[in-house]
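Visitor: what follows is a predicted structure for the sequence shown.
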Amino acid sequence: MTKVYFIGAGPGDPELLTIKGKKIIDQADIIIYAGSLVNKEILKDHKKDAQIYNSAEMTLEEITGIMLKERENDCLIARVHTGDPSIYGAIKEQIDFLHQHGIPYQVIPGVSSFTAAAAILEAEYTLPSVSQTVICTRIEGRTKVPAEEKLSALAKHQSSMAIFLSIGLIDQVIQELLTAYQEDTPCAVVYKASWPDQKILKGKLNQIVQQVKENQISKHALLLVGRFLDTKYEKSKLYDKNFSHGTRKSR
Ligand code: SAH
């Protein structure tokens, strides 16, 4: 029986792919990868006769059509998504199709671009006394966003935010954020995190639009917002010498 693996390709750097994901890609008979942001380098050790498809040029029916056609052929299919497939990966509709047709599948997680971006900025989203919450979200585009999740509503929480799929509408994004965040709230734009042409812009909410426009960034970027990008915070309880927990007594 054919089996489909949904694999998180990571943000771009081929070494940020899991060992499990790499093993499956290298053994796969069929590879269907999201061409816009999956680095083709991660496919370089594919089997000689593997069939390779770029899903950026395909419809859902074409993708699931391949999976169904191969159902009885004992194929290994690697369906490769950018970052981690659980975030804006559109895997659920594929999973439901496979489930409905009795085709086995498994999901292999990946490094999401929002964690890769934090690593590049050497930042921690969950700083004590600053924010203990990270909001991953996007502005409404052709995909609708529930009314309770409008950026202006989420901004009221003053949490750390990672905003996906929105850099092309940066004016509107910042306008909505400024209804709740202060103008001098630190923010950063990370374009193509971990790729050779990665770009980082750091600024304040009231300056970032201009920086984004000057650098002509209109896609493949994350906007990170929040005081976690500042330096003031309290040290964690986890390593506090006056604090006991499951694996260490206070001293
Ligand atoms: N599943 C992916 C997100 C897919 S949605 C993940 O976990 O990262 C595509 C959006 O993700 C892009 O518009 C951009 O906002 C962000 N993105 C994906 N890869 C990126 C990268 N390498 N650098 C910056 N942003 C990235």
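Guide: Perfect, I can see it now. Numbering: from 1, shown residues only.
Visitor: using the three-state scheme, assign residue 115.
Guide: The three-state label given to residue 115 by DSSP: H, G, I helix; E, B strand; the rest coil is helix.
Visitor: from the ligand, how far off is the spatially closest residue to residue 104 that is not a sequence neighbour?
Guide: Nearest non-adjacent residue to residue 104, counting by Cβ to Cβ, 6 or more residues apart in numbering: residue 3, 4.6 Å away. Any C-beta I mention is one placed from the backbone N, CA and C, and that applies to glycine too. Using Cβ to the nearest ligand atom, to the nearest Å, residue 3 is found at 22 Å from the ligand.
Visitor: beta partners for residue 3?
Guide: residue 76 (DSSP bridges).
Visitor: separation between it and residue 79?
Guide: When distance is defined by Cβ to Cβ, to the nearest Å, residue 3 is 11 Å away from residue 79.
Visitor: check contacts around the closest residue to the ligand within the stretch 1-150 of the chain.
Guide: Nearest residue of the stretch 1-150 of the chain to the ligand (Cβ to the nearest ligand atom) works out as residue 83 at 2.1 Å. Going by Cβ atoms under 8 Å, 6 or more residues apart in numbering, residue 83 touches 8, 9, 10, 11, 37, 89, 110, 111, 112, 113, 114, 116.
Visitor: again, but for residue 145
Guide: By Cβ under 8 Å, 6+ apart, residue 145 lies in contact with 137, 138, 139.
Visitor: which residue, neighbours along the chain excluded, lies closest to the second one?
Guide: With Cβ to Cβ, 6+ apart as the measure, residue 165 is the residue that lies nearest to residue 138, at 4.3 Å, once sequence neighbours are left out.
Visitor: wait, the one you found sits on residue 137?
Guide: No. If you go by Cβ atoms under 8 Å, residue 165 and residue 137 don't touch, sitting 9.2 Å apart.
Visitor: sorry, back to before: which ones among the contacts of residue 83 are found in helices?
Guide: 113, 114, 116 (DSSP state H).
Visitor: export these to TSV and tack on pLDDT, neighbour count and distance to the ligand?
Guide: Shown next, in TSV, are the ones in helices among the contacts of residue 83 (pLDDT from 0 to 100; neighbours: other Cβ atoms under 10 Å; distance: Cβ to the nearest ligand atom, whole Å):
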residue	pLDDT	neighbour count	distance to the ligand
113	98	26	3
114	98	23	6
116	98	22	6
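Visitor: now, among those, which is nearest to residue 182?
Guide: When the ones in helices among the contacts of residue 83 are compared for distance to residue 182 (Cβ to Cβ), residue 114 wins out at 22.5 Å.
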